[in-house]
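1. coords please:
(2 chains)
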Amino acid sequence: MIFRAVEDTDLISRVRRGDIEAYNLLVSRWEKRVFNYLLRLTAHQEDALDLSQDVFLKAYQNIRKLDDPARFGPWLYRIAHNEAYSLFRQRRPETALDGLENIEAGRNPAPGFSVDLSLAVTAALDRLNPEQREAVVLKVYEGFTFDEMGEILGCPVSTVKSRIYTALDLLKRELAPAANRTGNRGDAC
Amino acid sequence: MLSTDSFPCGRAEALRDFAFDELPAGERHEMEQHIRACDDCAVELDRLRMTTAALRILPDREIPRRIAFVSDEVFQPSMWARFWNSGARLGFASACVLAVAVLVSAWHVSSAFKPGAVQTAAAVVASASPEQIQAVVTRAVARTREEDAKLIQAAVADAEHKRDARYRAQMVALEENFEVFRKTMNLGYARLGASEFPGAGQ
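-> Numbering: from 1, shown residues only, chains lettered A, B, ... in the order given. Sure thing, here's the model as predicted:
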């Protein structure tokens, strides 16, 4: 991870000197993660793709404003978070993220896991409120620390922890029966 | 935040920080020892791990179209635009206005003090009373000030008009550049899609 961070830092230095190919390399490293983050927020593939393009364009235009290149990841996700919420405000000012269509339902589970468990996970995630859901995505799927999540979401670490721990309480109750049926196969944690 | 009512051990939050590798290194060893001794925490840790493992069975999707940037020159502002938008605009415009005002003023002064005009004024002064001279001087000063004000106003308006025209032209050029970039990107995506998914458009 440290080596990778140094490489990103080097690429950012080259981008700041006008090297577009360095930026394309940086984009190729992060585009799948950013796209999946936005897909889990918007539950809409085309929106997620359009937003991803906007995010990387905005990041390129503002990369000289990035104070610490080692914090590129949280900075990029902060842009993605803002872009997504900007879209939600344009479309549904009062109900952003509520009542999302079920994007996860179309996903096949990882090999070795049942479709039942996949559906149970999808349904459980749908029952979270938008803030809790985003906190789970950033922590469990994207692997950010609480400090980084606070930076991305623009809120204190205590708020971040509150959201994710409340979400985990709910998920634990929802998923316990399905997880028990599936057993311990593929326990990745 | 934490359902402590259903969890008897008072170290529930630290346990969760431990589960997410967020506990400070100094407290990790102590927590590991606690978990070995506390059945409630051991069971809770298993549940947390099972829950996060269940969440991770939903894999990431591949991005349908790769994102790439063709050229920074297309959508980056020009050197002139960067200079113009860097805060120098106001100073530059002020300098232009000041320079025009100085030139106009210099031209006006040089044209007002011709040799013939001075000789005429001297002849008038010789045959007039002090009150008349004072009145004439006052009127002349007022007229000069009025003319100066008009000239400066006209010069400022002209400079502002030219500045606005240049700014609008630059904005139009930027919009055109952005449009070219957008079309280039769309074309690139279309080509990429056609090469990766030959039958997708049918």
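2. and the longest helix seen in chain B, how far out from the chain's middle?
-> When chain B is parsed with DSSP state H, its longest helix is helix B:130-196. The chain centre lies 19 Å from the centre of helix B:130-196; the measure is C-alpha atoms, centre = their mean, to the nearest Å.
3. packing partners of that helix?
-> helix B:72-75, helix B:79-83, helix B:89-112 (3 or more C-beta pairs under 8 Å, 6 or more residues apart in numbering or on different chains; DSSP states H and E). For glycine as for every other residue, the C-beta is placed from the backbone atoms N, C-alpha and C.
4. do you know how far the residue nearest to the spatial centre of chain A is from chain B?
-> Most central in chain A under C-alpha atoms, centre = their mean is A:Tyr37, positioned 3.0 Å from the mean C-alpha point. Applying C-beta to the nearest C-beta, to the nearest Å, the value for A:Tyr37 to chain B is 9 Å.
5. wait, doesn't that residue sit right on A:Ile79?
-> No: applying C-beta atoms under 8 Å, one finds A:Tyr37 not in contact with A:Ile79, separated by 11.2 Å.
6. okay, A:Asn62 and B:Glu27: tell me how far apart.
-> 38 Å (C-beta to C-beta, to the nearest Å).
7. tell me who's in contact with the nearest residue to A:Glu131 once chain neighbours are set aside.
-> Distances taken as C-beta to C-beta, 6 or more residues apart in numbering or on different chains place A:Arg163 nearest to A:Glu131, at 5.2 Å, with adjacent residues excluded. Applying C-beta atoms under 8 Å, 6 or more residues apart in numbering or on different chains to A:Arg163 gives the contacts A:131-132, A:134-135.
8. just the element for A:Leu49, please.
-> Element membership for A:Leu49, per DSSP states H and E: helix A:45-62.
9. the helix or strand following that helix vs chain B: in contact?
-> Where DSSP H and E defines the elements, the next helix or strand beyond helix A:45-62 is helix A:72-91. No: Helix A:72-91 lies out of reach of chain B by C-beta under 8 Å from any C-beta of the partner chain, never closer than 12.4 Å.
10. quick one, strands of chain A?
-> Here chain A has no strands by DSSP state E.
11. buried sites along the helix holding A:Leu49?
-> Residues A:45, A:47-49, A:51-57, A:59-60 are the ones in helix A:45-62 that count as buried (16 or more other C-beta atoms under 10 Å in any protein chain shown).
12. and it, what does it pack onto?
-> Applying 3+ C-beta pairs under 8 Å, 6+ apart, we find helix A:45-62 packed against helix A:20-42, helix A:72-91, helix B:72-75.
13. most packed of these?
-> With neighbours taken as mean count of other C-beta atoms under 10 Å in any protein chain shown, these reach their highest mean count in helix A:20-42, at a mean of 21.
14. quick one: average confidence on it?
-> The pLDDT scores in helix A:20-42 average 94.
15. in chain A, which helix has the most residues?
-> For chain A, assigning by DSSP H, the longest helix comes out as helix A:157-182.
16. list just the nearest of the buried residues of helix A:45-62 to A:Tyr141.
-> Comparing the buried residues of helix A:45-62 against A:Tyr141 with C-beta to C-beta picks out A:Ala48 as the nearest, at 13.7 Å.
17. fine by me, thanks again.
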